[in-house]
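Asks: Take this sequence and fold it.
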Amino acid sequence: MIGYSDPAAIWRPSPNFGVRAEGTETDLLILHYTDMGTAEAAIDWLCDPVSQVSCHYVVAEDGKITQLVSEADRAWHAGVSSWHGEGDVNSRSIGIEIANAGHDHGYPDFPTPQIDAVIHLCRDIIARHPIKPQGVLAHSDVAPARKRDPGEKFPWPRLADAGVGHLVAPEPLSGGRLLQRGDVGFSVGALQAILMLYGYGIDVTGEYDDGTEQVIAAFQRHFRPERVDGIADASTVATLHKLSRALAPPNMRTTALAKGR
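Replies: Numbers count the residues shown, from 1 in each chain. Now for the predicted structure:
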């Protein structure tokens, strides 16, 4: 079994896994919430062959870590998803389920001991795999049409402060020009292009359609969580430009990024 070496961690093998696609690197770390009442119930479900789902790790509310699938194997956690144009996210990722009832069941805050454990686990995983900061993602980032987890309450800044993930300080909410469903034109296409270059599964059509709204909402949940509405307001667009510029060398910035300064 390949994985977390903390002696306090529990090994409970799930039958729900397969072989990673040949030649793929494990370069993504996907964070989920369980969307169930307790960590124990989630583990039971993830270990049930009927469910056809699993993950590599579950982090309980008290910080207890349970490993279900070896990191060498392909857990079934991301479902229909994509990042940087590649659809088999499960083959290139490690999945962590964080015990939380989710949006449909009150969506409680994430306890401090749980987040401490998530940070420790993430750092341990990143040390053993070629996962760059921008490869630490929310389930909603890779499946924006289907998923909201771990959601806008998840404390991404705490992880970033500990060296886990790529983050910038979000631009404050303000007035100013915005883009929303039904808009068409160059500005929409430029917005879609930046989202696509960052990694989101979005087509550059110049039309602000349902898919664009879903991707913007996913971006907001992760990077500008103060308001999640799928509308590309001035704060959202400025945060996206800032995030993208933080990755791109000055001589590689796109025309669209330059226009967003």
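
Asks: only C-alpha atoms for contact and neighbour calcs from this point on.
Replies: Noted.

Asks: What residues sit buried inside stretch 52-70?
Replies: Of the residues in stretch 52-70, 53-70 count as buried by neighbour count, 16 or more other CA atoms under 10 Å.

Asks: I misspoke; the intended subject was stretch 13-24.
Replies: Under 16+ other CA under 10 Å, the buried positions of stretch 13-24 are 13, 14, 15, 16, 17, 20.

Asks: for stretch 33-43, same thing?
Replies: Neighbour-count burial for stretch 33-43, counted by 16+ other CA under 10 Å, picks out 33, 34, 35, 36, 39, 42, 43.

Asks: closest to residue 246 among the residues you listed?
Replies: Of all these, residue 246 sits closest to residue 33, with 27.7 Å by CA to CA.

Asks: isn't that closest one right up against residue 150?
Replies: Yes. Here residue 33 reaches residue 150: they are 4.9 Å apart, a contact under CA atoms under 8 Å.

Asks: overlap in contacts of these two?
Replies: Listed contacts common to residue 33 and residue 150 are 98, 102; contacts here mean CA atoms under 8 Å, 6 or more residues apart in numbering.

Asks: hmm, which helix or strand of the chain has the shakiest average pLDDT?
Replies: Within the chain, judged by mean pLDDT, DSSP states H and E, the helix or strand with the poorest mean is helix 255-259; its value is a mean of 41.

Asks: Just give me the residue right at the centre of the chain.
Replies: Centroid-nearest residue in the chain: residue 138, 1.3 Å away (criterion: CA atoms, centre = their mean).

Asks: Next, the contact list for it, please.
Replies: Contacts for residue 138 (CA under 8 Å, 6+ apart) come out as 30, 31, 32, 149, 150, 151, 222.

Asks: can you rerun that using 6 Å?
Replies: Contacts for residue 138 (CA atoms under 6 Å, 6 or more residues apart in numbering) come out as 30, 31.

Asks: Start the count at 55 instead of 1 going forward.
Replies: Okay, using 55 as the starting number, the last item reads as residue 192.

Asks: Can you pull the phi/psi pair for it?
Replies: phi -90, psi 150 (degrees, to the nearest 10).
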